[in-house]
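Q: Got a predicted structure here, sequence first:
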Amino acid sequence: MKRIFLAGLMLAPVIAQAASAQAETLYVSNERGNSVSVIDAASAKVVATWAVGGRPRGITVSKDGKYIYLCASTDHAVQVIERATGKVVAELPSGEDPEQFFLSRDGGTLFVANEDDAALTAIDLANRTVAFQVGVGGEPEGVAQSPDGRWVAVTSEEENVVNWVDVAKREMVDATPVDLRPRHVEFTGDGAQLWVAAEVGGTVQIVDAASRKVVETLHFAIPGVADHRILPCGIRFTPDGRTAVVALGRADHVALVDVASRKVRAYVPVGRRVWHVAVSGDGARAYAANGLSDNVSVIDLAKGEVTGTIPVGAAPWGIVAVR
């Protein structure tokens with residue numbers, strides 16, 4: 001009996017990991033396919049494809065897990081999709097050309113970057129109305145809210161700055177100069193740092209949230225890949241906050257960066273023109289949306305290697321993992 005009990009203990013982590021993967025679903029916005037691919041993570045297969053609005057990009061899930069929110073850029077709307085049926089049940093008044101958004105920490109507000117309006121639009125999800133709109137720098141795209149809820153950071157690709165919007169005041173109060181064409185921003189879990197992916201600059205810059213100044217710039221060098229192809233886009237942190245997973249665009253690689261040392265511990269080759277990434281709830285895997293190869297790469301983060309490739313729709317752009 002003792003030997004059987006010990007064997008069961010050894011199998012427990014494996015069973016737990018399998019159960020975690022089985023419970024997880026991936027949602028991928030296909031920019032040129034005008035669709036969302038629904039992937040069962042356990043089988044690594046597409047189980048549904050939903051028709052959605054034009055040029056879908058930013059994608060996330062509601063706090064209660066009932067809905068997917070999607071930026072339908074050319075429809076100038078944020079679509080609300082029922083997860084159970086895949087049906088679009090509402091379109092939110094988001095402003096012109098919504099690119100990306102961030103769901104507020106309390107789940108009640110969606111902060112949307114509107115490229116054509118050069119504005120940040122805050123949508124009250126309970127009433128499905130615009131709560132307020134704030135003018136920001138030209139071509140806003142990346143959006144993130146600080147963990148304490150005080151700030152919303154919005155990138156301006158045209159002006160090469162990160163704009164700081166005070167949520168309580170409903171106004172932009174500062175702008176941090178960064179490298180060329182910032183595409184994405186992500187706060188660390190403690191809110192002390194804001195990581196900024198500068199696509200044309202080829203860097204990820206770390207901004208001290210207290211001073212709102214750049215304190216470090218991360219550069220990337222991949223053997224056999226020309227520097228001009230290294231175009232950082234999406235960033236996601238693992239749940240433990242130890243690793244930053246950075247999509248490097250036309251470099252066709254993802255960088256795994258140790259957050260404490262700020263050093264790259266691995267470059268992982270993925271599909272072509274990786275746009276954005278998602279991280280599994282248990283922190284064991286990352287998923288890369290590859291815009292020119294029409295697939296998603298499954299990355300084992302401990303090993304730093306791709307363990308699977310999943311075909312999806314045309315030009316996958318955004319991706320979210322949901323338990």
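A: Arrived safely.
Q: from here on, contacts and neighbour counts on C-alpha atoms
A: Noted.
Q: Give the helix, strand or coil label for Thr74.
A: Assigned with DSSP: H, G, I helix; E, B strand; the rest coil, Thr74 falls in the helix class.
Q: Who's the closest spatial neighbour of it, skipping the chain neighbours?
A: Spatially, and ignoring its direct neighbours in sequence, Thr74 is nearest to Gly54 (5.1 Å; Cα to Cα, 6 or more residues apart in numbering).
Q: The one you found is in contact with Ser73, isn't it?
A: Yes: the pair formed by Gly54 and Ser73 meets the contact definition of Cα atoms under 8 Å, at 6.2 Å.
Q: ok, those two, which is more surrounded?
A: Between Gly54 and Ser73, Ser73 has the larger neighbour count (other Cα atoms under 10 Å), namely 25 against 19.
Q: for the stretch 51-200 of the chain, what spans make up the strands?
A: Taking DSSP state E, counting those that start in this stretch as the criterion, the stretch 51-200 of the chain contains strands spanning 56-61, 67-72, 77-82, 88-92, 98-103, 109-114, 119-124, 129-135, 140-145, 151-156, 161-166, 171-177, 182-187, 193-198.
Q: Tell me which of the ones you listed lies nearest to Ala321.
A: Counting by Cα to Cα, Ala321 lies closest to strand 56-61 out of the strands of the stretch 51-200 of the chain; the figure is 8.7 Å.
Q: List the strands paired with that closest one, with their directions.
A: Its sheet considered, strand 56-61 pairs with strand 67-72 (antiparallel) by DSSP bridges.
Q: Can you list the neighbours in contact with the partner strand?
A: Where contact means Cα atoms under 8 Å, 6 or more residues apart in numbering, the residues beyond strand 67-72 that reach it are 29, 52-62, 77-83, 97-101.
Q: now with 7 Å?
A: In this structure, residues lying in contact with strand 67-72 by Cα atoms under 7 Å, 6 or more residues apart in numbering are 53-62, 77-83, 98-100.
Q: cool, and stretch 175-194?
A: 141-144, 146-147, 155-158, 160-164, 195-201, 206-209, 212-213, 233-235, 241.
Q: which of the residues in that stretch are buried?
A: Applying a neighbour-count criterion of 16 or more other Cα atoms under 10 Å, the buried positions in stretch 175-194 are 175-189, 191, 193-194.
Q: is Asn30 in a bridge, and if so with what?
A: According to DSSP bridges, the residues that bridge with Asn30 are Ser35, Pro316.
Q: ok, how many other residues are close to it?
A: Neighbour tally, Asn30, other Cα under 10 Å: 30.
Q: and what of Phe237?
A: Phe237 is flanked by 24 other residues according to other Cα under 10 Å.
Q: what number of residues lie near the residue lying closest to it once chain neighbours are set aside?
A: If the residues on either side of it in the chain are set aside, Phe237 comes closest to Ala244, at 4.5 Å by Cα to Cα, 6+ apart. Counted with other Cα under 10 Å, the neighbours of Ala244 add up to 23.
Q: Val207 versus Ala244, what's the distance?
A: Remark: distance between Ala244 and Val207 (Cα to Cα, to the nearest Å) = 15 Å.
Q: go on, Ala289?
A: According to Cα to Cα, Ala289 and Val207 sit 26 Å apart.
Q: Looking at the two, which has the bigger crowd around it?
A: A side-by-side neighbour count of Ala289 and Val207, using other Cα under 10 Å, places Ala289 first with 33 against 22.
Q: In what element of secondary structure is that one found?
A: In this assignment (DSSP states H and E), Ala289 forms part of strand 285-290.
Q: List of residues touching that strand?
A: With contact meaning Cα under 7 Å, 6+ apart, strand 285-290 is reached by 271-280, 295-301, 316-319.
Q: Which neighbours in the sheet does that strand have, and how are they oriented?
A: Applying DSSP bridges, one finds strand 285-290 paired with strand 274-279 (antiparallel), strand 295-300 (antiparallel).
Q: any idea which of those is most buried?
A: Mean neighbour counts were compared across the strands paired with strand 285-290 using mean count of other Cα atoms under 10 Å; the top stretch is strand 274-279, at a mean of 28.
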